[in-house]
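Participant: Got a predicted structure here, sequence first:
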2 protein chains.
Amino acid sequence: MQRVTIAQVAERAGVSTATVSRVLSRRGQVSAAVERKVRRAADDLGYQVNVIARALRNSRTDTVGMVVPSITNPFFTSLVESVEHALGKEGKELFLCDARSDPQIEARRLASLAARNVDGIIVSPSHGVDSRPAVQQTADRLPLVQLDRFVDGTTTDWVGVDDVAAMRQVVDHLHDGGARSAAFIGSLMTHSSTEQRFAGFRRRAEELNIEVKPDQVLLGDYSVEWGEAAVARLIAEGGLPDALVCADDLIALGVTRACRAHGFAVPRQVQVTGYDDIEFSRLTEPALTTVHQPRDRIAAEAVRLLAAAGAKDAERGPHAHISLVPTLVVRDSTRAAQAPPDRI
Amino acid sequence: MQRVTIAQVAERAGVSTATVSRVLSRRGQVSAAVERKVRRAADDLGYQVNVIARALRNSRTDTVGMVVPSITNPFFTSLVESVEHALGKEGKELFLCDARSDPQIEARRLASLAARNVDGIIVSPSHGVDSRPAVQQTADRLPLVQLDRFVDGTTTDWVGVDDVAAMRQVVDHLHDGGARSAAFIGSLMTHSSTEQRFAGFRRRAEELNIEVKPDQVLLGDYSVEWGEAAVARLIAEGGLPDALVCADDLIALGVTRACRAHGFAVPRQVQVTGYDDIEFSRLTEPALTTVHQPRDRIAAEAVRLLAAAGAKDAERGPHAHISLVPTLVVRDSTRAAQAPPDRI
DNA sequence: CACCTCAATGCAATCGATTACAGCTGAGTT
DNA sequence: AACTCAGCTGTAATCGATTGCATTGAGGTG
């Protein structure tokens, strides 16, 4: 348990700790002979720097913290994977936290990451309003980038996709497949993702004259269960429209399943779309038409912004909002353009 | 960015840093009046302990590291969630790392966690053999518990399920459903999970006289893609047996999908079983019969062992192997006992 | 009143690595 | 021969919190 310290290496090499430090952190001038001696001694003893001590001394940890709403949501896990990969290239490590979709837990995680002196934080806020104080407070103390979702009215960097453009593609595609009425199933409008996606959906639906009944905009949470429940409610309240547009894939999976369970054929009688393109979206029956998020790009941009913020540090310049254009992935839960819709 | 230190609090309260520390960290003996003054000063300044400095001083970080083979495997993410929850109750935090199924990356992560002075490590090793040196080495330096999978020939604590007992239930159930021949589709025998599950499968299959052709034991990796590929290979090489027993749910999802794609009805013509009971296993068509792992129990036991190891510390007692009994979850990818099998 | 006990508090060392500053050495310069 | 300067290397301060030991003083005892 007792670890090898720089002092022990110094003693064995017959030099001072300063010299050892200079050799190992490859700064400063050291003669070749001494360098060899020190490296030899370090190897012999199996020396490893004590990251804690180093962090205390120069208040950098080469560590980035990330907070996501739910680690069980495959979209976030693959985003995490991308981020970790991008960070690896910079020699930084990731400290991952799960907020369990609770702004309170989220606030605690953010505080704890800050206390641990991470060099920066990447967060996908759990709530568009309630997450605000904690996010803003954290952003005031260290570099912070919001990913995918964002908090209303904070001034931080953000990277995500253009939800409005994506929804335009989705609605166009559904319209091509013959949809003349549609419902929207999302989480809450206090989530920027649902809010943006709904805005994009509604705007294009209006332009194309697709009917969206006010009571066919259903808001719950990002889960399979909610998707199932939403369909049950729609059916109970008068039946399904031509298309069901979901704010994420989990909801869409539940929606698809419920449609089939209630005897509605997808996509023959009702078309369904998701959002995110999680891996499982291609595995259900039918495979889901969805919006693919360029996760690696998002992650790379986030890491880049963080590095930049860490560098300039002193002067907080204007914040960047980077929105990437996602692509529609057409699978089997929607009708191809040429197929004549059943009802017409 | 400049943080409030204990010295500033001390000055404001008109006491020494020692007193402040005693007030804020421990129940050291401090008069009520002074305590009030100190707390007041700390609040006024918005003092927060510097976790790094504290960690350096008393080499405890109240942090546990966890390394999993793949963060995109839903089984592991829900395990992580359970572990984080269990740790939260002890006031500890989780530092999560993804090994990307690569023993080399895994070794780096373990080393880095150790360097960061985590109080203990929970690891589900990526490989039954190649992960050994890193795991053993890490276990020699600090408390370590293996979860679910384990490395051959290391002496550490371990928590997981009784794969042999689980497979016995699986095979019995398939036999009840009329299966008289079966294939096994897993990752590699160098993964303890596949090895144990296969052993349990084979033993019970022999006892029940279920035919298992040598070339119908297919080994690849834990992925949907491999499940699909395996089915293609089985079909190409002479057709499917009565049942396809998979070493995990991802494989089973791929297998189910491929069977249907190739025109085999599940479970009418071929029964399929998974292992882990990930959330998506109930969402496919048909919903998967699988083995449910008691994740919360596993996590709780792991955290308990870690705490115990951290406490005794000096005397490394004998290591505990805790195996919990999983339960079979019967869904629609297998036949109920009463339904007469098609082929008989 | 001298002496003792014990709670409250401060001083200063400590954890391990980094680094400003200073000292030393020897080659090069005048 | 005296002097400069660059290149190495060591000494000690530093990061911020904790804690063993010393000190103080109030209250108790004989």
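Facilitator: Structure's in. What do you need?

Participant: Neighbours of the spatially closest residue to residue A:237 that is not a sequence neighbour, how many?
Facilitator: Sequence neighbours aside, residue A:215 is the residue nearest to residue A:237 in space, at 6.6 Å (criterion: Cβ to Cβ, 6 or more residues apart in numbering or on different chains). (C-beta placed from N, C-alpha, C; glycine too.) Counted with other Cβ atoms under 10 Å in any protein chain shown, the neighbours of residue A:215 add up to 10.

Participant: And the strands in chain A, which stretches?
Facilitator: Applying DSSP state E to chain A gives strands spanning A:63-68, A:93-98, A:120-123, A:144-147, A:157-161, A:182-186, A:217-219, A:243-246, A:271-273, A:290-292, A:321-324, A:327-329.

Participant: was I right about residue A:213 contacting residue A:183?
Facilitator: Yes: if you go by Cβ atoms under 8 Å, residue A:213 and residue A:183 touch, sitting 7.5 Å apart.

Participant: overlap in contacts of the two?
Facilitator: Common neighbours of residue A:213 and residue A:183, using Cβ atoms under 8 Å, 6 or more residues apart in numbering or on different chains, are residue A:241.

Participant: The top helix by length along chain A to strand A:63-68, inter-axis angle?
Facilitator: Using DSSP state H, we find that the single longest helix of chain A is helix A:295-312. If you take axes from the mean of the first three to the mean of the last three Cα atoms, to 10 degrees, helix A:295-312 sits at 130 degrees to strand A:63-68.

Participant: residue in chain A nearest to chain B?
Facilitator: Relative to chain B, the nearest point of chain A is residue A:285 (3.9 Å; Cβ to the nearest Cβ).

Participant: Setting aside sequence neighbours, what's the nearest residue to that residue?
Facilitator: In space, and not counting its chain neighbours, residue A:285 is closest to residue B:285: 3.9 Å by Cβ to Cβ, 6+ apart.

Participant: Count the neighbours of residue A:107 for me.
Facilitator: By the measure other Cβ under 10 Å, the count of residues near residue A:107 is 20.

Participant: Quickly note the distance from it to DNA strand D.
Facilitator: Here residue A:107 is placed at a distance of 20 Å from DNA strand D (Cβ to the nearest atom of the strand, to the nearest Å).

Participant: Also residue A:325?
Facilitator: Residue A:325 is 44 Å from DNA strand D, where distance means Cβ to the nearest atom of the strand.

Participant: can you check residue A:309 too?
Facilitator: To DNA strand D, residue A:309 is 21 Å away according to Cβ to the nearest atom of the strand.

Participant: Then residue A:220?
Facilitator: From residue A:220 to DNA strand D the distance is 43 Å (Cβ to the nearest atom of the strand).

Participant: So which residues on the stretch 1-150 of chain A come close to DNA strand C?
Facilitator: The interface of the stretch 1-150 of chain A toward DNA strand C, taken as Cβ under 7 Å from any atom of the strand, is made up of A:3, A:5-7, A:17-18, A:20-22, A:24-25, A:27-28, A:47, A:49-50, A:53-54, A:56-58.

Participant: If we use 10 Å, what do you get?
Facilitator: Proximity of the stretch 1-150 of chain A to DNA strand C (Cβ under 10 Å from any atom of the strand) is limited to residues A:1-10, A:16-29, A:42, A:47-58, A:60.

Participant: Only the buried subset of those residues, as a ChimeraX command please.
Facilitator: A single ChimeraX command suffices to select whichever of those are buried according to 16 or more other Cβ atoms under 10 Å in any protein chain shown:
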select /A:3,4,5,6,8,9,10,19,20,21,22,23,24,42,47,49,50,51,52,54,55,56
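
Participant: Near DNA strand D, list only the ones from the residues of the stretch 1-150 of chain A next to DNA strand C.
Facilitator: Among those, the residues that sit close to DNA strand D (Cβ under 10 Å from any atom of the strand) are A:6, A:10, A:16-23, A:28-29, A:52-58.

Participant: Pull up the residues of the stretch 51-200 of chain A that are close to chain B.
Facilitator: A:51-53, A:55-56, A:61, A:71-72, A:74, A:77-78, A:80-81, A:84, A:93-98, A:111-112, A:114-117, A:141-142 (Cβ under 8 Å from any Cβ of the partner chain).

Participant: List buried residues within the residues you listed.
Facilitator: Taking 16+ other Cβ under 10 Å as the criterion, what is buried in these is A:51-52, A:55-56, A:61, A:71-72, A:74, A:77-78, A:80-81, A:84, A:93-98, A:112, A:114, A:116-117, A:142.

Participant: any weak-confidence spans in the stretch 201-344 of chain A?
Facilitator: A:312-317, A:337-344 (pLDDT under 70).

Participant: Repeat that for the stretch 1-150 of chain A.
Facilitator: Along the stretch 1-150 of chain A, segments meeting pLDDT under 70 span A:1-2, A:27-28.

Participant: what about the closest residue to residue A:194 other than its chain neighbours, how many neighbours?
Facilitator: Closest residue in space to residue A:194, ignoring its immediate chain neighbours: residue A:186 at 3.8 Å, by Cβ to Cβ, 6+ apart. By the criterion of other Cβ under 10 Å, residue A:186 has 26 neighbours.

Participant: Surely residue A:186 is in contact with residue A:196?
Facilitator: No: with contact taken as Cβ under 8 Å, residue A:186 and residue A:196 are classed as non-touching, separated by 10.1 Å.

Participant: Helices of the stretch 51-200 of chain A, residue ranges please.
Facilitator: In the stretch 51-200 of chain A, the helices defined using DSSP state H, counting those that start in this stretch lie at A:51-58, A:74-88, A:103-115, A:132-141, A:163-176, A:192-207.

Participant: Let's have the ones you listed in TSV, adding distance to residue B:201.
Facilitator: What follows is the helices of the stretch 51-200 of chain A, written out as TSV (distance: least, Cβ to Cβ, whole Å):
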stretch	distance to residue B:201
helix A:51-58	44
helix A:74-88	28
helix A:103-115	41
helix A:132-141	49
helix A:163-176	44
helix A:192-207	43
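
Participant: thinking again about what came up before, buried deepest among the strands of chain A, which one?
Facilitator: Most buried of the strands of chain A, by mean neighbour count (mean count of other Cβ atoms under 10 Å in any protein chain shown): strand A:243-246, with a mean of 31.

Participant: which other residues reach it?
Facilitator: Strand A:243-246 is contacted from outside by A:167, A:170-171, A:174, A:177, A:179, A:181-186, A:201, A:210, A:227, A:231, A:234, A:252, A:255, A:259, A:270-275, A:334, using Cβ under 8 Å, 6+ apart.

Participant: Return the distance of residue A:26 relative to residue A:38.
Facilitator: Between residue A:26 and residue A:38 the distance, using Cβ to Cβ, to the nearest Å, works out to 11 Å.

Participant: so how many other residues sit close to residue A:140?
Facilitator: Residue A:140: 12 neighbours (other Cβ under 10 Å).
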